[in-house]
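Student: When you get a sec, could you give me coordinates for this:
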Amino acid sequence: MKQYVSSQNRPDSGFTLIELMVALAVSGIVTITIATAYRAQTKANTTNNLQREMQQTLRAAMMIMKRDIVMAGYRANIPIDDFQDGTPGITVNPTSITIVFSDPVRDQDGIDNDSDGDIDEENEKDGRNNDDDSLTDESTELITITYNHVDSDGDGANDRITRISDPGTTVELTDIIAEDIERVNFNFILAQSQVEIALLARTAEEVDGHFSTATYAVPGAGVTWGPFNDSFQRRFLTSTVFCRNLSFSN
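Tutor: Okay, here's the model as predicted:
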């Protein structure tokens, strides 16, 4: 004889509506938490990358300029009284600097080329094309370097540092040293033969959640940069270069 089990007494193998709603709610909370953490991590990574790029650019620009500026007046035989009046040596404006020096490699061949009893003296002339530029004993045997703070995109705001080698000559060469440099100041102190440099860099993009209210006092210039009241992050870097070759020219 067959026995029938009532459907009312069967064990329930599915989920109730309430259980499904609770599961959906929990999974939604977990999904939102993961998405929020992912967005926060992505934002942090983007900000860190922008900051790292800005800081590397700032340090590299300062290092390159200091390397050249410290050579100002080297073997150039220029009286210190001539500096800052437009003659070769060093000419400094707030946003540009020009330095002149003799390449340490050009004159040092250990030979008295002009037969005057002195070996490798300043501005030695020998009637030969020592620098292989098709010119002989030209005035541009001295190296001229100019750094400028310029507007790269025509928006009226300077944001790029360029380096011009031997400006005005047939071998003139312009290199881009740094981008996103918002402010530059050069200050030459004649009595100490030193150049004060101040650079203010900003991130290439605005940083979400950041608002810039900082100010930056420029040493020796009597000016303050900022506040900018925007979302760019910035870094301020200053340095002083002692031009020892200038002090020896007096």
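
Student: Enumerate the positions of stretch 162-170 that are buried.
Tutor: Buried residues in stretch 162-170, counted by 16 or more other C-beta atoms under 10 Å: 162-164, 166. Heads up, the C-betas are built off the backbone N, CA and C, glycines and all.

Student: how distant is it from the center of its chain?
Tutor: 20 Å (C-alpha atoms, centre = their mean, to the nearest Å).

Student: in the sheet, who's paired with R234?
Tutor: R202 (DSSP bridges).

Student: Quick check: it vs A204, distance?
Tutor: R234 sits 12 Å away from A204, going by C-beta to C-beta, to the nearest Å.

Student: For the two, indicate the residue with more neighbours.
Tutor: Between R234 and A204, R234 has the larger neighbour count (other C-beta atoms under 10 Å), namely 21 against 13.

Student: Go ahead and confirm that one touches L200.
Tutor: Yes: with contacts counted by C-beta atoms under 8 Å, R234 reaches L200, the gap being 5.9 Å.

Student: shared neighbours of those two, which are they?
Tutor: Counting by C-beta atoms under 8 Å, 6 or more residues apart in numbering, the residues touching both R234 and L200 are 182, 216.

Student: can you redo the buried residues of stretch 162-170 as a markdown table with secondary structure?
Tutor: A markdown table is the format used below for these (DSSP: H, G, I helix; E, B strand; the rest coil):
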| residue | secondary structure |
| --- | --- |
| T162 | strand |
| R163 | strand |
| I164 | strand |
| D166 | coil |
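
Student: can you list these in JSON lines and add pLDDT?
Tutor: Output for these, formatted as JSON lines (pLDDT from 0 to 100):
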{"residue": "T162", "pLDDT": "98"}
{"residue": "R163", "pLDDT": "96"}
{"residue": "I164", "pLDDT": "95"}
{"residue": "D166", "pLDDT": "81"}
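
Student: Is it possible to get TSV of those that adds distance to F186?
Tutor: Putting those into TSV (distance: C-beta to C-beta, whole Å) gives the following:
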residue	distance to F186
T162	14
R163	13
I164	15
D166	20
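
Student: out of those residues, who's nearest D175?
Tutor: Closest to D175 out of these is R163 (4.7 Å), distances taken as C-beta to C-beta.

Student: Apart from its chain neighbours, what residue comes closest to D153?
Tutor: D159 (7.4 Å; C-beta to C-beta, 6 or more residues apart in numbering).

Student: mind checking how far that neighbour is from L199?
Tutor: 12 Å.

Student: what's the overlap in contacts for the two?
Tutor: Contacts common to D159 and L199, judged by C-beta under 8 Å, 6+ apart, are I181.

Student: The two - which one has more neighbours?
Tutor: Counting neighbours by other C-beta under 10 Å for D159 and for L199 shows that L199 has the greater number, 24 against 19.

Student: show me where the chain has strands.
Tutor: Secondary structure of the chain (DSSP state E): strands located at 90-93, 96-102, 142-150, 160-165, 173-179, 181-189, 194-202, 216-218, 223-225, 234-242.

Student: Dump these to a markdown table, plus distance to M63.
Tutor: Listed next are these as a markdown table, based on distance: least, C-beta to C-beta, whole Å:
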| stretch | distance to M63 |
| --- | --- |
| strand 90-93 | 19 |
| strand 96-102 | 15 |
| strand 142-150 | 13 |
| strand 160-165 | 12 |
| strand 173-179 | 10 |
| strand 181-189 | 14 |
| strand 194-202 | 11 |
| strand 216-218 | 20 |
| strand 223-225 | 22 |
| strand 234-242 | 9 |
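
Student: Thanks again, I'm all set now.
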